[in-house]
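Enquirer: structure of the sequence below:
(chains A and B)
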Amino acid sequence: MSNAADTSVLRARGLRKEYGKGEGVVRAVDGVDLDIGAGETVAVMGPSGCGKSTLLHLLGGLDRPSDGEVWLNGRRIDDIGEKALARMRRTAVGFVFQAFHLMEELTAVENVELSALLAGRSPRAARRRAEELLEQVGLADRARFLPSALSGGQRQRVAVARALSNEPLVVLADEPTGNLDSAATLDVLQLFESLHESGQTLVVVTHDARIAATADRLISMRDGAFVDETRLTGGTTGRLGALIGLED
Amino acid sequence: MGRILLVGRLAVRDLRRRRTEAALLLIAIMAATTTLTLGLVLRDAASDPYQSTREATNGPDVVANVGRAAELSALKGLAGAPGVIDHSGPYPVTAAALQASGRTSDVQVVGRDAAPASVDQPELIKGGWVRDGGVVVEAAFANALDVRVGDPVTLDGRSFEVVGVAVTAAMPPYPKASCYLPCMSGAVSDNPDGAGLPPGLLHNPGLVWLTQADVRSLPPNPDSLAYVMNLKLADPDGAQAFVDANHGEQSGAVPMQPWENILEDATELAGDSQILLLIGAWLLGLLAVASLSVLVGGRMADQTRRVGLLKAVGGTPSLVAAVLLAEYVLVAVVAAAAGLAVGSLTAPLLTESSAGLVGSAGPPSMTMSTVGLVTAVALGVAVLATVVPVVRAARSSTVDALADSARPPRRIGWLIAISARLPVPLLLALRVAARRPRRVVLGVVSIVVTVSGIYVLLVLNAFLATQPLVGGYDDAQVEVLRHVLLVWTVVLLSLAAVNAIVITWATVLDNRHSSALARALGAAPREVSTALAAAQVLPALVGAILGVFPGGFALFAAINAITGGDSDRVTLPSLWQLLALVLGTVLVVAVLTAVPARLSSRRPVTETL
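Expert: Down below sits the predicted model:
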């Protein structure tokens, strides 16, 4: 799929995920091959239930494949133990979920620093990094707010900051704008754009064509398999909102 | 009617759907109702053997005695007092040292006629009545001495033969026998460290009967004899009033004992057992409320969506509350019935008749007041533990409930700040605990109650181990009290174990999402499971320490105050025992919580998120 397989940050070969047994077996992911280079932004599109989220979980080590291989930064991760997988997730992968998944009892800054604390950073360093990230996502003034006091877009920006806390090799975003209104969607997309510009590797699963249009590469999925792949020339522009129809 | 049927059907269906939880609820309430039943049944059964003895011996309503022959006329005068319809005596009484079968004891010796008396004719259990050279031994005392009919004994060095063993209602059975005169004649040394005590010494004085002639010949000076007289009143229930009228406070008055006082002393063992069981029942009631609160809280979190559906199809808040409450009321009623059944079946083990009384307690009677009280307590426990979450669920927004939005967790800022400095498992554990402080408090209370109970058990067990040396109970009575303590121990530990598992299970359910998120962010499964277990172990440590002090000390002091016990006669647990108790509790909680915590960490992250 890619001629830069050896330099891939993320690579999958013959990836398969099945649920159920016998005649009732469901193939959520069916023989996927994928290479994602450093700094690349890849969008995965497809209708609901086509296996996009499952693919993302397999790539991030949240779930184990029924068959096939997943390599992260040159290391195979589909056959390693739970402990090693957890270590890999805390240092090399950042997740952004559709439902934000923030801890309701923690403030924005506490949510962001959580990943760093789990990775064993000192409380002071974790807090400093969290404050920097919140500033980066434009929420420095909301650092002491609980998630319930933040808008949907602000919550997702906190989630993105959290995903970046340990400077991961790749950020995996699962429908990051699925729960957001147009204005909040624009906020998050602009954030992703800045990540892209800073060289962050991104995989974004979405069923929204406007978001997919911002990626370097667009992969279409159906029934668990890739059916199309398009390299988008130029990627996003400085006028992202206009491109995706959110601004005039 | 249709509404009631609907409520009942929904409640039963939900209970059947969650059988394990229903069984845990049942066990929790049943533990309290069983112990309460035992306590109440014992209260009713306690007086039966004494009443049988009173009837069989034509027991006196009042026993009067004087310490010197010079006061004999005052005693005789009582026979003609208003209200007295019959009497026996006055009989001479003296103190002596008895030796038999290698055992030594102080005794008071009552001289009786060979002919039967109309009031207080002791009922023979074995052998015959007094004759010259023959001694009849009070039955409980004979048991303690291990003497039988035909055995030789000596009284102040003079030889006698045991000719009979009998019971009386005129005096509490050994070792509770009271003295008509200073009856410690010297068998027991006053030396506090026990030096020079004869081997096989019994510390409490016993009661024996001889002929009047033999009694008069025992002391060197006949003027040292005391005298006792048994009175029968026209109105036995007015015994205390008779004593008050004829005794008063004037000096030189004749000491008198109404039969109710003797009953109280004779049934002190059953009374002590009953007090222990009732205190145990209240402790278990507290534990049951704690476990129910957690169980109900956990179930309510699971039932959010069901509540939303009920409301969406037209259920009013009161209908929702009725459905939820009905489940727990049903379980409480079944638990009350089961507790009454198990309690009444096991009560005979704890109501064995004392050797010093005739008849047995028999199958304990189940009175309506017992049934009513046990059922009320079961319902009270259920309602107390459920009313807050039920009302909260009934008032919740239908839309929120349909969305299955969980109750927001609490935020305890300082604890979150402190936890940031700790290793990952403790960081997560403190945050898990901080999310539901009420549950942590319930967990601590549960352990405090359990450890306080165990502390008291240790004290009482050590006390019983010193019997009969310290005095108070004979071997058979010690055995009965050991049974009571065993019931306590088994039920207390079972319920505490149920509580630990239930609280962990509720915590695991409540933290499904945050645990999965922590794992998605890089926490290892072992770190998450250790955190969930540690969130139970840390409160358990606090609870265990508080359970020893002040919990155990306070509970023991309360029991002592209620039973009128003498705390100087007991040995408090040593420091190493208390340390072992605290560490043992923490270890047991760690083991009990490890399994659900580990199971939860195996659940795939993606399923939860």
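Enquirer: close to chain A: what parts of the stretch 351-500 of chain B are there?
Expert: Within the stretch 351-500 of chain B, the positions adjacent to chain A are B:408-411, B:416, B:420-421, B:424, B:427, B:431, B:434-435 by CB under 8 Å from any CB of the partner chain. All C-beta spots, glycine's among them, are computed from the backbone N, C-alpha and C.
Enquirer: of these - the most surrounded one?
Expert: Neighbour counts for these were taken using other CB atoms under 10 Å in any protein chain shown; the highest belongs to B:Arg431, with 27 neighbours.
Enquirer: go through the residues of the stretch 351-500 of chain B next to chain A and flag which are in helices.
Expert: B:416, B:424, B:427, B:431, B:434-435 (DSSP state H).
Enquirer: A:Ile77: which of the residues of the stretch 351-500 of chain B next to chain A is nearest?
Expert: Nearest to A:Ile77 out of those is B:Val424 (CB to CB; 20.8 Å).
Enquirer: spatially nearest residue to that closest one (excluding sequence neighbours)?
Expert: What sits nearest to B:Val424 in space, not counting adjacent residues and going by CB to CB, 6 or more residues apart in numbering or on different chains, is B:Glu527, at 4.9 Å.
Enquirer: what's the answer for B:Val296, then?
Expert: Excluding its sequence neighbours, the residue lying closest to B:Val296 (CB to CB, 6+ apart) is B:Thr386, at 4.8 Å.
Enquirer: mind listing the strands for chain A?
Expert: Ranges of strands within chain A are A:8-19, A:26-37, A:41-45, A:67-72, A:75-76, A:93-96, A:170-174, A:201-206, A:217-222, A:225-231, based on DSSP state E.
Enquirer: and chain B, by the same measure?
Expert: Under DSSP E, chain B gives strands at B:62-66, B:84-100, B:103-112, B:123-127, B:134-138, B:152-155, B:158-167, B:201-211, B:226-233, B:256-258.
Enquirer: and those as a markdown table, adding mean neighbour count, distance to chain A and mean pLDDT?
Expert: Compiled in a markdown table, those are given as follows (neighbours: other CB atoms under 10 Å in any protein chain shown; distance: least, CB to the nearest CB, whole Å; pLDDT from 0 to 100):
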| stretch | mean neighbour count | distance to chain A | mean pLDDT |
| --- | --- | --- | --- |
| strand B:62-66 | 27 | 71 | 84 |
| strand B:84-100 | 22 | 74 | 85 |
| strand B:103-112 | 24 | 69 | 86 |
| strand B:123-127 | 17 | 72 | 85 |
| strand B:134-138 | 27 | 70 | 90 |
| strand B:152-155 | 18 | 78 | 88 |
| strand B:158-167 | 19 | 69 | 89 |
| strand B:201-211 | 23 | 63 | 78 |
| strand B:226-233 | 25 | 74 | 88 |
| strand B:256-258 | 22 | 66 | 83 |
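Enquirer: among the ones you listed, which comes closest to A:Val112?
Expert: Per CB to CB, nearest to A:Val112 of those: strand B:201-211, 73.7 Å.
Enquirer: could you pick out the longest helix of chain A?
Expert: Under DSSP H, chain A gives helix A:182-197 as its longest helix.
Enquirer: tell me the buried residues in that one?
Expert: A:184-193, A:195-196 (16 or more other CB atoms under 10 Å in any protein chain shown).
Enquirer: that one packs against which elements?
Expert: When contacts are defined as 3 or more CB pairs under 8 Å, 6 or more residues apart in numbering or on different chains; DSSP states H and E, helix A:182-197 sits against helix A:152-164, strand A:201-206, helix A:240-243.
Enquirer: least reliable of the ones you listed by average pLDDT, please.
Expert: Lowest mean pLDDT of the helices and strands packed on helix A:182-197: helix A:240-243, a mean of 47.
Enquirer: please report how far A:Val29 lies from A:Phe226.
Expert: Here A:Val29 is placed at a distance of 10 Å from A:Phe226 (CB to CB, to the nearest Å).
Enquirer: same check, this time on B:Ser574
Expert: As judged by CB to CB, B:Ser574 and A:Phe226 stand 73 Å apart.
Enquirer: hmm, back to that, now render the buried residues of helix A:182-197 as a markdown table, adding pLDDT.
Expert: Output for those, formatted as a markdown table (pLDDT from 0 to 100):
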| residue | pLDDT |
| --- | --- |
| A:Ala184 | 83 |
| A:Thr185 | 85 |
| A:Leu186 | 83 |
| A:Asp187 | 82 |
| A:Val188 | 83 |
| A:Leu189 | 84 |
| A:Gln190 | 84 |
| A:Leu191 | 85 |
| A:Phe192 | 85 |
| A:Glu193 | 84 |
| A:Leu195 | 87 |
| A:His196 | 85 |
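Enquirer: quick one, what contacts the residue nearest to B:Val296?
Expert: Applying CB atoms under 8 Å, 6 or more residues apart in numbering or on different chains, we find B:Thr386 in contact with B:292, B:296, B:324-325, B:328.
Enquirer: B:Ala166 against B:Gln121, yeah?
Expert: No. Checked against CB atoms under 8 Å, the pair B:Ala166 and B:Gln121 is beyond contact range at 9.1 Å.
Enquirer: from chain A, how far out is B:Leu486?
Expert: 45 Å (CB to the nearest CB, to the nearest Å).
Enquirer: per-residue pLDDT, the closest residue to B:Leu330 other than its chain neighbours?
Expert: Sequence neighbours aside, B:Ala11 is the residue nearest to B:Leu330 in space, at 5.9 Å (criterion: CB to CB, 6+ apart). Listed pLDDT for B:Ala11 reads 83.
Enquirer: and what of the one 4 residues further on?
Expert: At B:Leu15, the model reports a pLDDT of 84.
Enquirer: please name the nearest non-neighbouring residue to it.
Expert: Once flanking residues are discounted, B:Leu15 sits nearest to B:Ala22: 4.6 Å by CB to CB, 6+ apart.
Enquirer: quick one: contacts for residue 112?
Expert: No chain was given, so I picked chain A. Contacts of A:Val112 (CB under 8 Å, 6+ apart): A:129-130, A:133-134, A:158, A:161-162, A:165.
Enquirer: not quite, I wanted chain B
Expert: Counted by CB under 8 Å, 6+ apart, B:Arg112 has contacts B:91, B:129-130, B:209-212.
Enquirer: repeat that with 10 Å
Expert: If a contact means CB atoms under 10 Å, 6 or more residues apart in numbering or on different chains, then B:Arg112 has B:88-89, B:91-92, B:120-122, B:129-130, B:136, B:209-212, B:214-215 as its contacts.
Enquirer: what is the burial count for the residue in chain B that chain A sits nearest to?
Expert: Nearest to chain A in chain B, going by CB to the nearest CB, is B:Gly522, at a distance of 2.2 Å. Burial measure for B:Gly522: 29 neighbouring residues, criterion other CB under 10 Å.
Enquirer: how far away is it from A:Gly74?
Expert: For B:Gly522, the distance to A:Gly74 equals 20 Å [CB to CB].
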